[in-house]
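Trainee: Next come a sequence and a model predicted from it.
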Amino acid sequence: MTRALSLAYLTSHRCTPPEAVALAARQGYGFVGLRLWPNAPGGPQQHLLGRPDVLRETQAALRDTGVGVFDLELIRIGADFDAGRWAALYEAGAALGARAILVAGDDTDEARLTQNYARLCEAMRPFGMTADLEFMPWTGVPDAQAALRVVRNAGMPGNAGILVDALHFGRSHTSLEDIRALPRALLHYAQICDGAPGTHFTTEEMIHTARCARLMPGEGGIDLAGLFAALPADLPVSVEVIHEERERDASPDAWAAACLAASRPFLG
């Protein structure tokens, strides 16, 4: 069975949105992921919001190549969450035909986080995208069980989702049984990369690896074969590999091609 494969933002972070679309088309990806909202104030992003010329150029690239936008980044749910803050992101997603928005749960008050996640799903519902909650071991949603608990307690909104990132699977208290227990209706895509597994890393080490130093599939010790056997065989996969030091010696095309080639053996 052929999976849909997406070129994640972190794999193409050196590209503008239309450049990322063209790169995906050249290297055989069917979709792209775009980071239109930074992961922290002043953090890296692809500038499109509030720039109608870039939006039009990106839409033209999508039409010309047949590549689609799979996911947009990034919404963070903190203690002061306001679903209206991301209105421009919802609108851009609808304009680009995006399928999902990646959501990070930063609030350690799980009851409040759950309420705000439900509010987010309701705000996003008219725009036709899913709100895919990614578990990350240093956040308020540290593992797959926590993600499932939040979504269930939010009332299982119709556009709710849980995102499985291979790196966070390998570095959290998440078992293959936990992955198999995730309802199929909540799984819209997963992310593949590799790294050193374990739950002993500091928060700073985990964040550095996630943002700057992921390994290509097969180069680390995460059980990628087991993980992708536990996930649905037709689940779309986002290839998410960034390694800032190694990328200095590789063009965006060479990097995207190598990451895709390394991912394929684990995806059936």
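Mentor: Nice, thanks for sending it over.
Trainee: ok, now which ones touch D165?
Mentor: The neighbours of D165, taking CB atoms under 8 Å, 6 or more residues apart in numbering as the test, are 134-136, 190-191, 193, 240. C-beta here means a position set from N, CA and C on the backbone, and glycine is covered the same way.
Trainee: Pipe those into CSV and attach secondary structure per row.
Mentor: Output for these, formatted as CSV (DSSP: H, G, I helix; E, B strand; the rest coil):
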residue, secondary structure
E134, strand
F135, coil
M136, coil
A190, strand
Q191, strand
C193, coil
E240, coil
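Trainee: Including neighbour count and pLDDT, could these go into JSON lines?
Mentor: Rendered in JSON lines, the data for the contacts of D165 read as follows (neighbours: other CB atoms under 10 Å; pLDDT from 0 to 100):
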{"residue": "E134", "neighbour count": "20", "pLDDT": "98"}
{"residue": "F135", "neighbour count": "26", "pLDDT": "98"}
{"residue": "M136", "neighbour count": "22", "pLDDT": "98"}
{"residue": "A190", "neighbour count": "24", "pLDDT": "98"}
{"residue": "Q191", "neighbour count": "25", "pLDDT": "98"}
{"residue": "C193", "neighbour count": "31", "pLDDT": "98"}
{"residue": "E240", "neighbour count": "24", "pLDDT": "98"}
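Trainee: Quick check: of those, which lies closest to P17?
Mentor: Nearest to P17 among the contacts of D165 is E240, at 16.7 Å by CB to CB.
Trainee: part of a strand, is R125?
Mentor: No: in this structure, R125 is helix, not part of a strand, as judged by three-state DSSP.
Trainee: check which helix or strand covers the residue nearest the centre of the chain.
Mentor: Note on the chain: the residue nearest the mean C-alpha position is L102, at 5.4 Å, using CA atoms, centre = their mean. L102 belongs to strand 100-105 when assigned by DSSP states H and E.
Trainee: Same question for A225.
Mentor: Secondary structure from DSSP H and E places A225 in helix 224-230.
Trainee: May I see the buried residues of that helix?
Mentor: Along helix 224-230, the positions that meet the burial threshold by neighbour count (16 or more other CB atoms under 10 Å) are 224, 227-228, 230.
Trainee: before we move on, the earlier item: any idea how far E134 is from the closest residue to the residue nearest to the centre of the chain other than its chain neighbours?
Mentor: Closest residue to L102 apart from its sequence neighbours, by CB to CB, 6 or more residues apart in numbering: E73 at 4.8 Å. If you measure E73 against E134 using CB to CB, to the nearest Å, the figure is 10 Å.
Trainee: Then L176?
Mentor: Where E134 is concerned, L176 sits at a distance of 18 Å (CB to CB).
Trainee: And for V151?
Mentor: V151 is 12 Å from E134, where distance means CB to CB.
Trainee: what touches both of those two?
Mentor: Both V151 and E134 are contacted by I162, under the criterion CB under 8 Å, 6+ apart.
Trainee: Helices along this protein, start to end?
Mentor: For the chain, the helices defined by DSSP state H occupy 17-27, 52-65, 87-96, 110-124, 144-153, 166-170, 176-180, 203-212, 224-230, 244-247, 252-263.
Trainee: Would you mind giving the ones you listed as TSV with distance to Q45 added?
Mentor: Supplementary listing: the helices of the chain in TSV, determined by distance: least, CB to CB, whole Å:
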stretch	distance to Q45
helix 17-27	10
helix 52-65	12
helix 87-96	11
helix 110-124	19
helix 144-153	24
helix 166-170	20
helix 176-180	30
helix 203-212	13
helix 224-230	28
helix 244-247	16
helix 252-263	17
